[in-house]
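output the structure for:
(one chain, ligands or ions: 1)
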Amino acid sequence: MEATKQRQPEACEYMPSDYFDRINPHDIFGNDAPIEVDLGCGDGSFLIAMAQQYPERNFLGVERLLGRAKKVSRKAERAGLTNCKVLRLESKYVIEYLFPPKSIDRLHLLCPDPWPKARHHRRRLVQQDFLECLYTALKYDGEFCFKTDHPEYYEWVCEEMDQFKKLNQQEWTDDTFFYPKTDFQIQWEAEGKSMHQLWYKK
Ligand SMILES: C[S@@+](CC[C@H](N)C(=O)[O-])C[C@H]1O[C@@H](n2cnc3c(N)ncnc32)[C@H](O)[C@@H]1O
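Below is the predicted model of the structure:
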């Protein structure tokens, strides 16, 4: 029987050698610099701007759509970035099964799908089991940044975080740190929507 041919990774794409084992974060970039993960990185504009701003840190985007993941990789390659890669996979799987405990410095979840219909709420990423996985994967002083334009999803996340209790909310204003707007944020603000943001530390 003919063996299945594996797709070759793009230049700035990270493909684990074994999708069923924990990765060694060192293997992603070949160094042990702090690592930030952007779940659902979309067109990668936030990820790339962060990687350009912080060359001493590593940035991994996670995106389930192959076309988007390829575009992000090509943008990072064109920008000559060695600290920016994309992993084409499902967000929760990456946090739950691939990253080892205490390995991520900062996790970004920006403008995720709000799943507004009540029957779809169980698809929302921010739930207690996700928060447990996130807590385990964060380093001892790791951080979690969340943004949404959706008021009801914002309330949902506030309630989930209150119930979870193990991450400590921080005050986050626009000048707290460099934090470029994402592609979706720019689109939504242009439509007159306002953003809600939350920042937590372990
Ligand atoms: C609304 S867009 C936001 C993109 C980007 N964060 C921004 O703010 O511009 C959501 C992105 O997350 C991706 N996505 C949705 N669910 C995902 C999942 N479970 N795992 C990985 N990516 C996911 C989508 O394909 C899409 O690119």
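
quick one: low-confidence ranges for this structure?
Residue ranges of the chain with pLDDT under 70: 1-3.

how about the residues of it by the ligand?
Applying C-beta under 6 Å from any ligand atom, we find that the chain lies next to the ligand at 40-42, 62-65, 68, 90-91, 110-113, 182-185. C-beta coordinates here come from the backbone N, C-alpha and C atoms, glycine included.

and with 5 Å instead?
Residues of the chain lying close to the ligand by C-beta under 5 Å from any ligand atom are 40, 42, 64-65, 90-91, 110-111, 182-184.

would you point out the most distant pair within the residues you listed?
Glu90 and Asp183 (20.3 Å; C-beta to C-beta).

got a quick PyMOL command for the buried subset of the residues of the chain next to the ligand?
Written as a PyMOL command, the selection of buried residues from the residues of the chain next to the ligand, which uses 16 or more other C-beta atoms under 10 Å, is:
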select buried, resi 40+42+91+110+111+182+184
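
out of the residues of the chain next to the ligand, which are inside strands?
Leu110 (DSSP state E).

who are the packing partners of the strand of greatest length in the chain?
For the chain, the longest strand by residue count, based on DSSP E, is strand 138-148. When contacts are defined as 3 or more C-beta pairs under 8 Å, 6 or more residues apart in numbering; DSSP states H and E, strand 138-148 packs onto strand 104-110, helix 151-164, strand 196-201.

and if we set it to 6 Å?
Helices and strands touching strand 138-148, by 3 or more C-beta pairs under 6 Å, 6 or more residues apart in numbering; DSSP states H and E, are strand 104-110, strand 196-201.

for the ones you listed, which one ends up most surrounded?
Most buried of the helices and strands packed on strand 138-148, by mean neighbour count (mean count of other C-beta atoms under 10 Å): strand 104-110, with a mean of 22.

packing partners for it?
Going by 3+ C-beta pairs under 6 Å, 6+ apart, strand 104-110 lies up against strand 35-39, strand 138-148.

what about Pro25, neighbour count?
Pro25 is flanked by 21 other residues according to other C-beta atoms under 10 Å.
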